[in-house]
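Colleague: Here is my input, please return the structure:
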Amino acid sequence: SFSLSQLDQCYDSHCLLLQLMLWFVVLTDQQVVVKVEEGSDSVILPCKTTPDLPEATTVEWTRSDRELMMIHVYSNRSDHLKNQDDLYCGRTKMNEDLLRAGDLSLTLKYPTERDSGGYICTIYRDKDILRHKVVLQVKGQYRSEVIFLCLCTEPFPSWAKAVLVLLFLLVLLVVFGGLIYNFRHYFMSGECLLLHYP
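Modeller: Residues are numbered from 1 along each chain as shown. Okay, here's the model as predicted:
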């Protein structure tokens, strides 16, 4: 068995290691359940922390019940929606001056049943990582579903342009080949007339 002094030494070394680990990562298991009716204009997924956050703070909203699905990213005092999932394009918004207020809540517009599930707000603050979980429950209504379409302001990929050009050339080739095939007897008959003309 350990002596009291050995136990104190062991405790001090492990305590220091634990403090260092907690200095880099702080996880909170807080969970909030939010309920809303489908057809509502919007719903707020709450996430609040201490005010006056550093300007270098990064906030990420993701889905926790699916493979990595990026919902909204706030970093360097602006939104970064390049990697936002298409399902949430044009439907998310965060508060202005959120770092000063410490209110990192996410507003989700036009919630539908497919939005139901777990969401995680991850806050990268200095050397700390804070997590806050929100469970959204969208109650459906007996009506036809409205599908919201939006065009994200992302540049059209170069590979997609190349595919479109190749498809266009392929269509032209098929049309041209079909015309030659259909009118081949005209060309052949004309050649025969020239050969047999006295």
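
Colleague: Going by C-alpha atoms from here, please, whenever you check contacts or count neighbours.
Modeller: Will do.

Colleague: domains for this structure, by residue range?
Modeller: What automatic domain parsing lists as the domains of the chain is 25-139, 158-196.

Colleague: pretty sure residue 140 contacts residue 115?
Modeller: No. Using C-alpha atoms under 8 Å, residue 140 makes no contact with residue 115, being 10.8 Å away.

Colleague: Please identify the nearest residue in space to residue 46, excluding sequence neighbours.
Modeller: Distances taken as C-alpha to C-alpha, 6 or more residues apart in numbering place residue 105 nearest to residue 46, at 4.4 Å, with adjacent residues excluded.

Colleague: so who does that neighbour touch?
Modeller: Going by C-alpha atoms under 8 Å, 6 or more residues apart in numbering, residue 105 touches 44, 45, 46, 47, 48, 94, 95.

Colleague: I'd like to know how far the closest residue to the fourth one other than its chain neighbours sits from residue 36.
Modeller: Spelled out, it's residue 47. Leaving aside its chain neighbours, residue 47 sits nearest to residue 105 (4.6 Å; criterion: C-alpha to C-alpha, 6+ apart). Remark: distance between residue 105 and residue 36 (C-alpha to C-alpha, to the nearest Å) = 16 Å.

Colleague: ok, residue 83 - contacts?
Modeller: residue 70.

Colleague: In a strand, it, correct?
Modeller: No. Membership of residue 83 in a strand is not supported by DSSP: H, G, I helix; E, B strand; the rest coil, which gives coil.

Colleague: Ramachandran coordinates for it?
Modeller: Dihedral pair for residue 83: phi -100, psi 10, per degrees, to the nearest 10.

Colleague: does the residue nearest to residue 68 when sequence neighbours are not counted sit in a helix, a strand or a coil?
Modeller: The shortest distance from residue 68 to any non-neighbouring residue, by C-alpha to C-alpha, 6+ apart, is to residue 62 (7.1 Å). The three-state label given to residue 62 by three-state DSSP is strand.

Colleague: Describe which strands the longest strand along the chain pairs with in its sheet and in which direction.
Modeller: Counting residues, the longest strand found in the chain (DSSP state E) is strand 128-139. Strand 128-139 sits in its sheet next to strand 31-37 (parallel), strand 117-125 (antiparallel), going by DSSP bridges.
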